Structures are given as C-alpha cells and as structure tokens.
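[1] Give me a 3D structure for the following:
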Amino acid sequence: MDDDEAITRSLAGDLAAYEALVARYSTLAHRTAAMLGAGDEAEDVVQEAFVKAFRHLSTFRRDAPFKPWLLRIVANETHNLTRGRGRRTDLTARLGATAEQAAPDDPEGTAIATDRRTRLLAAVRLLPDREREAVVCRYFLQLSEAETAHVLGWKVGTVKSRTHRGLARLREEVGRDLG
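    This is a model prediction of the structure:
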C-alpha cells in the first residue's frame, strides 16, 4: 500500500494502515531526530511526532508528499526538546553510511577513516544550529533541497545558503579532504 492509500485508510479509522506508515518511516524519523540533536531521547521524539502526525492527519495536504511533512514534525519536536533542555546533545551519528569505509584488512585506512569521522562529527556538532540542521538534512539524511526546506520550514534559497555556509565552515575546520 502506498502512502496515499495508507493515509486515506487511516483517515477512515484503519489503524493498521497508519501502522504501515509508522513502519515505513520509523527508521528515517529516528535518524532525523538523532542527527538533529535528540540523542538518547530520539525514541521519545519520534513517538510524539507520530502521535501528533496521527492527530493532525486530517490537516495534511493530500497533494504534498507525506515524508517531508512527517519529518518536519520530527524536526519541530526535536527543536522543542533541545530548546527545552537549553543545551545541545552530543551527535552520536551513525556516520558509517556516509563516510568512506576502509577495507577490513587495511588498518591504516581504517584509522584514517575513523579519524575523519571523529573530526567531522565534532565539527558538525559545533556548527551554528541552523547550518547544522541544513547540513544534517542534506548530507546525513540525504534529503533534497525541497524536502529539507519543507522539513525545516524554510525557503529553498535559505536551505542553499545555510548548507553552503555550513559546508564552508566544515571545510575550514576539518580540511578539504572531506569536501
């Protein structure tokens, strides 16, 4: 069942259809919350986001894709959490999918890749919030500029400029070999 059918059936009271949406987007929602700063509380953020999405499903614009709408709720819930805490949570990102992987029999390559990941995560953690959010959505979550704009509630031009500034800071901090 595709998203549109699942939404239609959910609106008609079919909880199994909404469970299909939860199953489809749960991993991405967790990754989004964790990468945007929820850390160990990502599970709570995602659960609250899915509850809010269900409650407000009737307000969902049917001509828009579901994924960016849901991820915007996740981003908002994460922002509420981090703002409420008054501090930034350590990004314990699963960078393995986005960083170069060295061959298992190449200890030097493995050490270099580990060092790069560590330096990159430290640099991402230090970015100003808005630049970090743009970089995380675009490169860690691999969202398009339009999806990132929708998730963060920004214009596409704002996504482009904040991503550009964030990447420039990362290149300065970590070095051009990562860019």
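[2] So which residues of the chain form strands?
    Remark: strands of the chain are absent; assignment by DSSP state E.
[3] Tell me where it has helices.
    Ranges of helices within the chain are 3-11, 15-33, 42-55, 66-85, 107-126, 129-135, 145-152, 156-174, based on DSSP state H.
[4] pull the helix or strand with minimum mean pLDDT from this protein.
    helix 107-126 (a mean of 75; mean pLDDT, DSSP states H and E).
[5] which residues does the residue nearest to residue 130 when sequence neighbours are not counted contact?
    Nearest non-adjacent residue to residue 130, counting by Cβ to Cβ, 6 or more residues apart in numbering: residue 162, 5.3 Å away. C-beta: built from backbone N, CA, C; applies to glycine. Neighbour list for residue 162: 130, 131, 133, 134, 154 [criterion: Cβ atoms under 8 Å, 6 or more residues apart in numbering].
[6] 6 Å instead, please
    If you count contacts by Cβ atoms under 6 Å, 6 or more residues apart in numbering, residue 162 has them with 130, 131, 134.
[7] now the spatially most central residue of the chain: how far from residue 78?
    Of all residues in the chain, the one closest to the mean position by Cα atoms, centre = their mean is residue 32, 2.7 Å from it. Residue 32 sits 7 Å away from residue 78, going by Cβ to Cβ, to the nearest Å.
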